[in-house]
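Trainee: Pasted the sequence and its predicted model underneath.
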Amino acid sequence: MTLRIPRRGMAQALALIVILMIDRLVSPQFFNLHLQDGRLFGSVIDVLNRGTPVALLSLGMVLVIATGGIDLSVGAVMAIAGATAASLADTHSLPVVIASALAVGLACGLWNGILVAVLRIQPIVATLILMVAGRGIAQLITEGRIVTFTSPDLVWMGNGAVLGLPTPVVIALGMLLLTAAVVRGTALGLLIEATGGNARASELSGVGTRAMILSVYVWCGLCASLAGVIAAADIMGADANNAGLWLELDAILAVVIGGTSLFGGRFSLVLAVAGALIIQAMNTGILLSGYPPELNLLVKAVVVLAVLLAQSPRLGDLSRFTARWRRTK
Amino acid sequence: MKASTSVAITAVVLVAGFALCALQFPNIASTRVVANLLTDNAFLGIVAAGMTFVIISGGIDLSVGSVIGFTTVFTALAVERWGIPPFAAFALVLVLCALFGAAMGAVIHVFELPPFIVTLAGMFLARGVSFLLSTESIPITAPIYSAVSDFAIKLPGGGRLTAIAIAMLVILVLCALLLHLTRFGANVYALGGSRAATALMGIPVGPMTIRIYMLSSVLAGLAGIVFSFYTAAGYSLSAVGVELDTIAAVVIGGTLLTGGQGSVIGTFLGVLIQGMIQTYINFDGTLSSWWTKIATGVLLFVFIALQQGLMALARRSSLKPAGTRPVAAKPAGAPT
């Protein structure tokens, strides 16, 4: 009997382990954990905590990409939701604050979804509109200032702990389970993949492709607004200029590292979150190693290229070709 | 015919917008303001011309902002720290940009990867390299810089047509000639229309892709040089987010993001519209600069919706054979 290794997810798991080992090398106390005030502290917990916004974004982004689309506006939606939450925080109760921030994210997602599914505008262009205008809208909400708040409830969302784990990590875990239950517990995931694989064929075989596309953008907006609330709660304020800046790129990167094809048609939620953790583990590693953080972008570029080349349809042909060449020799 | 309609609409929007601005602030209608508008948007015009080629060919280039940042830092370091004469530094940085663009084009073609994600990697790479070169703003004091910024053609009414504005206009004219009058330009349109058909016609798709991205990166490099003249400094964080402004200008100028249709003159008008919004906000004084972003977003939406509407209209009229009664559209394969 041979030991069967699951092919999918192997590369990501290996990459995460290798990066964590490198982190351990540059910082010997990397895996140390200690409990303080009912919350665990340590570099690993830090990776999980800092990785939360990108992990949440990638949960929505992975579904959008599975339909063959892309959502460039998630960073701007984060800024809008963060601005909404921060400006309501000190005058309203936590449920109202979160509900209104999520409602804003829902509206943004609906706008994107209508542009893509109903008006049939290319996803890159459709979401570019909100990406450009979104930060302006966020500035409008904060009136150009950095809005700070002191509401302990909202601060708990970013800095509190549940059973020793930081609240953001618990929220992200909950969202992962919820998304997985909704998408993989039912046929929805299959229908989303069918839409991304061949929208026309799915439409003809009775899949409501419009509803599928609309709902994935709404879900993406929702996840982005939750990430925005957490980011605002983390720094106890909303900075419309910088909240979620360039995070859309990190989220897309996380999804791509997670093995989801940018052409749509298949996806994995867990691997996308693993992708987000890989990115964060790299960032933390570079910070801990004392190298200038400017290296971050370079490392990211190299990783994107490596993952892209590994996914390239051409490279598959190449490996088949060399295998044949070796056989004939 | 259709392409000229979109450009005409953009031109009407620009003229109407300018007239409205001039009604409210009569001072806007002066050569001084218009010349400043050209100077302030010189680098944007140059980089948008390159983006026009890429988008017409059906691609996209997200790396241009980072390439501008890299060029300013590299030029400043080369001139100020390494003692390379300015023109040699310009040539060197343009060669580097050309190699960078060619590499991106080659990866896109050889590995059949989406341009979006390849140029995204390029964006990280170029920005990362410029951070590594220097994270501080380096002032450039070479005599050529002050000579160029002093040079200007005096216009009637007090306007100064600066050297960098002239450079932009010349580059735009050259790009328009390249796109509309040469075989290279015709191939760019063909690529955007249908890649497979282009390959079957015997046009070398690979070398074309490489040349298009090379052109875009070289123009981004030129824009970076112009930007370094504009600010007389090199800074690794300069031109962050310019790729979005550029894409917006190209789309507002009537270029289809699906490829196959567009023009350099439209892009120029798109750049001017963005500059006009900025000028209006500066004149108003009470509006904050974030209104630029909202106005650009609204304009983007209007123009994309317009394009979508025009395309749907064109599709409907071409589906209807001459002399037949129009039949209500029925989804293909629906039960009869």
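Mentor: Right, received. Where do you want to start? Since the model is a prediction, treat every value here as computed from it, not as a measurement.
Trainee: measure residue B:131 to residue B:90 for me?
Mentor: To residue B:90, residue B:131 is 22 Å away according to CB to CB, to the nearest Å. Placement of C-beta: from N, CA and C, glycine included.
Trainee: for residue A:190, same thing?
Mentor: Relative to residue B:90, residue A:190 is positioned 56 Å away (CB to CB).
Trainee: okay, these two: which has more neighbours?
Mentor: Each of residue A:190 and residue B:90 has its neighbours counted (other CB atoms under 10 Å in any protein chain shown); residue B:90 has more, 21 against 12.
Trainee: For the helix or strand harbouring the more buried one, list every residue counted as buried.
Mentor: Counting by DSSP states H and E, the element that carries residue B:90 is helix B:86-110. By 16 or more other CB atoms under 10 Å in any protein chain shown, the buried positions in helix B:86-110 come out as B:86, B:89-90, B:93-94, B:96-98, B:100-109.
Trainee: Same check on stretch A:265-284?
Mentor: A:265-269, A:271-284.
Trainee: what about the closest residue to residue A:273 other than its chain neighbours, neighbour count?
Mentor: Counting by CB to CB, 6 or more residues apart in numbering or on different chains, residue A:273 lies nearest to residue A:55, which is 4.8 Å off, once chain neighbours are set aside. Per other CB under 10 Å, the neighbour tally for residue A:55 reads 29.
Trainee: Let's see the pLDDT reported for residue A:55.
Mentor: On the pLDDT scale, residue A:55 is placed at 95.
Trainee: is it true that it touches residue A:279?
Mentor: No. Counting by CB atoms under 8 Å, residue A:55 stays clear of residue A:279, with 9.5 Å between them.
Trainee: shared neighbours of the two, which are they?
Mentor: Common contacts of residue A:55 and residue A:279, defined by CB atoms under 8 Å, 6 or more residues apart in numbering or on different chains, comprise residue A:254.
Trainee: and residue 236, what does it touch?
Mentor: Picking chain A for this. So residue A:236 contacts A:148, A:149, A:150, A:155, A:158 (CB under 8 Å, 6+ apart).
Trainee: right idea, wrong chain: chain B
Mentor: Counting by CB under 8 Å, 6+ apart, residue B:236 touches B:69, B:70, B:73, B:127, B:130, B:131, B:133, B:134, B:135.
Trainee: what about the fourth one, neighbour count?
Mentor: It refers to residue B:127. Count around residue B:127 with other CB under 10 Å applied: 26.
Trainee: what do you get for residue A:164?
Mentor: By other CB under 10 Å, the residues close to residue A:164 number 13.
Trainee: In contact with whatever residue of chain B ends up closest to chain A: list those residues for me.
Mentor: In chain B, the residue that lies nearest chain A is residue B:297 (2.5 Å; CB to the nearest CB). Shown in contact with residue B:297 (CB under 8 Å, 6+ apart): A:129, A:130, A:132, A:133, A:134, A:136.
Trainee: circling back: tell me which of the buried residues of stretch A:265-284 fall in helices.
Mentor: Assigned to helices by DSSP state H, the following of the buried residues of stretch A:265-284 qualify: A:269, A:271-284.
Trainee: residues contacting residue B:51?
Mentor: The contact partners of residue B:51, by CB under 8 Å, 6+ apart, come to B:61, B:64, B:216, B:246, B:247, B:249, B:250, B:267.
Trainee: nearest residue to the third one other than its sequence neighbours?
Mentor: The spatial neighbour of residue B:216 that comes closest, neighbours along the chain excluded (CB to CB, 6+ apart), is residue B:50 at 3.8 Å.
Trainee: Thank you kindly, that will do.
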